[in-house]
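J.: Show me the folded form of this:
(2 chains)
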Amino acid sequence: MIFSKKKITTEYTVEKCTKCGTLTKRKFNKGDILFAKTSKCNSCDGLMQIEKIFGETIEQ
Amino acid sequence: MISKIGTNALIWFEEILILVNFTNFDFDQLFSMSDDSNPLMMLVWILPIILFVFYGQQIQLFVTSREIKKGINKLEGFRVESRNELINYVKNNLKVIDDPVKKIDKFLDYFTIMPVDMDPNGIVDKVRHTVRSREDYTRIHVKSLSPKMNEVELTQVQTLLEIASSLQMIYKIINHMFLTAKKQNNYPLILPLQMILPFIMEQAEAMKEAIPAIKNGQPLGDGIGPMIVGKMMLDCKKETVALETSLSNTEFANRNLFLLKAEGPGSTVGRPADGLEKIVTENKIDVIIMIDAALKMEGEDSASISQGFGAAIGGIGTERFQIEAIATSKEIPIFSIVVKQSVKEAITLMTKEISDTADDVASQVHEMIRENTTEGQSVVVIGVGNTSGVPQ
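T.: Residues are numbered from 1 along each chain as shown, chains lettered A, B, ... in the order given. As a prediction, the model looks like this:
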């Protein structure tokens, strides 16, 4: 127990452009829901759709 | 000054080294192995033997009790934390009419008495009735905390309540077993507790860690099935086919597809068996495909995908029974695809590895449809699991 490392989970949201397929990964914001269309794509005029929401755990 | 002290210490250290000769140990002399006449050494050997023969169980009981007590303290912490999280969620997110603490404490102590199984005839219907009555009762009374809460909030509070009441029950049972063994000073009584405690702790920790994901409306590992089917349903017309269960009808490769999942993004598993029953009554179904999360075995890779035969659905067993009964009566084969994961992964925020399997599983579903049906046939695809944070 003394030597056990602390685990920290960071939540991420992955968005995908419905037109060009560009993927962007950012920190999860409260209210993010899968498949919701969030913003405009930076590469084209398509809409970004939330593709995945997941957590990544790192040991400290 | 410093160098002078250093030199003196070195001389002193050398003197010690000369005085103690480490190469000249006589083990026989040290432990009196060859000499039985040393009464002090005889006591050193014999006393522990006597002690362990007569008081071995008590010593083991003492050591084991300390370990179990640590676990129980942790469980009590989980119980208190989950209760506080639930109360804070209700107070901060919902417009409550009165102080909810008293009502929540009453819910936490609710118990369910399972039907008598001496005569197993009709037991599944009885169990289903008991469980659904409890669900309906909880839903109505949780709603009474704040009549203006929406369906998503209602399901979230229900799930948080389930977690808090399960942790309370686990704590009470483990503490009862421990105190009984201590009271009776009975070592064998504490052995089963020692054996099951690591598994119980794993489950309890997973439940405690599920709380933030439920509160934030995030997808859980168990939500991989609804996530895949939900994506397939995106541009289709949806209808509520059973309580908290959504259905869409679409086409794929000239096959008629019925897509079924719990109604998201609330935290619910829906009633897929009722949904399937309605679909089968109104349509001729040729194949049923179920997608679910399955518990991985130790040594198996997390997020590995497996295909199989039979109804892939967990829970108390009533839903599986109903699905199997429908499939048997209509002679419909059931195929399953499962994504393996641990208990913790299944009920906490979905991991990257599990979410990455979504596209692969979807393509396996399409392949399965093409391989097992011909054009013009009908298929039901069921995404089984908790649909928290997963709409359709």
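
J.: Which pLDDT value goes with residue 9?
T.: Using chain A. Note on residue A:9: pLDDT of 90.

J.: Correction: the question concerned chain B.
T.: pLDDT for residue B:9: 49.

J.: which secondary element of chain A has the worst mean pLDDT?
T.: strand A:37-40 (a mean of 88; mean pLDDT, DSSP states H and E).

J.: Could you see whether chain A lies near the lengthiest helix in chain B?
T.: Longest helix in chain B, counting residues (DSSP state H): helix B:39-93. No - using Cβ under 8 Å from any Cβ of the partner chain, helix B:39-93 stays clear of chain A, with a minimum separation of 9.4 Å. No exception for glycine: its C-beta is placed from N, CA and C like everyone else's.

J.: For that helix, enumerate the helices and strands it packs against.
T.: With contacts taken as 3 or more Cβ pairs under 8 Å, 6 or more residues apart in numbering or on different chains; DSSP states H and E, helix B:39-93 sits against helix B:101-108, helix B:151-184, helix B:187-215.

J.: name the element the residue nearest to the spatial centre of chain A belongs to?
T.: Nearest residue to the geometric centre of chain A (Cα atoms, centre = their mean): residue A:13, 1.4 Å. For residue A:13, the host element (DSSP states H and E) is strand A:7-17.

J.: Tell me the gap between the longest helix of chain B and the middle of its chain.
T.: Taking the mean of its C-alpha atoms, helix B:39-93 sits 24 Å from the chain's own mean (Cα atoms, centre = their mean, to the nearest Å).

J.: Okay, angle between it and helix B:101-108 too, please.
T.: With axes from the mean of the first three to the mean of the last three Cα atoms, to 10 degrees defining the directions, helix B:39-93 sits at 120 degrees from helix B:101-108.

J.: For chain B, list the residues in contact with chain A, please.
T.: Taking Cβ under 8 Å from any Cβ as the contact definition, chain B meets chain A at B:213, B:216-219, B:227, B:230-231, B:234, B:265, B:348-352, B:354-356, B:358, B:389-391.

J.: and the top strand by length along chain A, is it in reach of chain B?
T.: Longest strand in chain A by number of residues (criterion: DSSP state E): strand A:47-59. Yes - with Cβ under 8 Å from any Cβ as the criterion, chain B is reached by strand A:47-59 at A:52-57.

J.: could you check the angle helix B:187-215 makes with that strand?
T.: 150 degrees.

J.: Report all helices and strands that strand A:47-59 contacts.
T.: Packing partners of strand A:47-59 (3+ Cβ pairs under 8 Å, 6+ apart): strand A:7-17, strand A:37-40, helix B:352-356.

J.: and residue B:371, which of these is closest to it?
T.: With Cβ to Cβ as the criterion, residue B:371 lies closest to helix B:352-356 of those, at 24.0 Å.

J.: Write out the residues of chain A neighbouring chain B.
T.: Contact residues, chain A versus chain B (Cβ under 8 Å from any Cβ): A:9, A:11-12, A:14, A:28, A:30, A:33-36, A:52-57.

J.: of these, buried ones?
T.: Buried by 16 or more other Cβ atoms under 10 Å in any protein chain shown: A:11-12, A:14, A:28, A:33-35, A:52-55, out of these.
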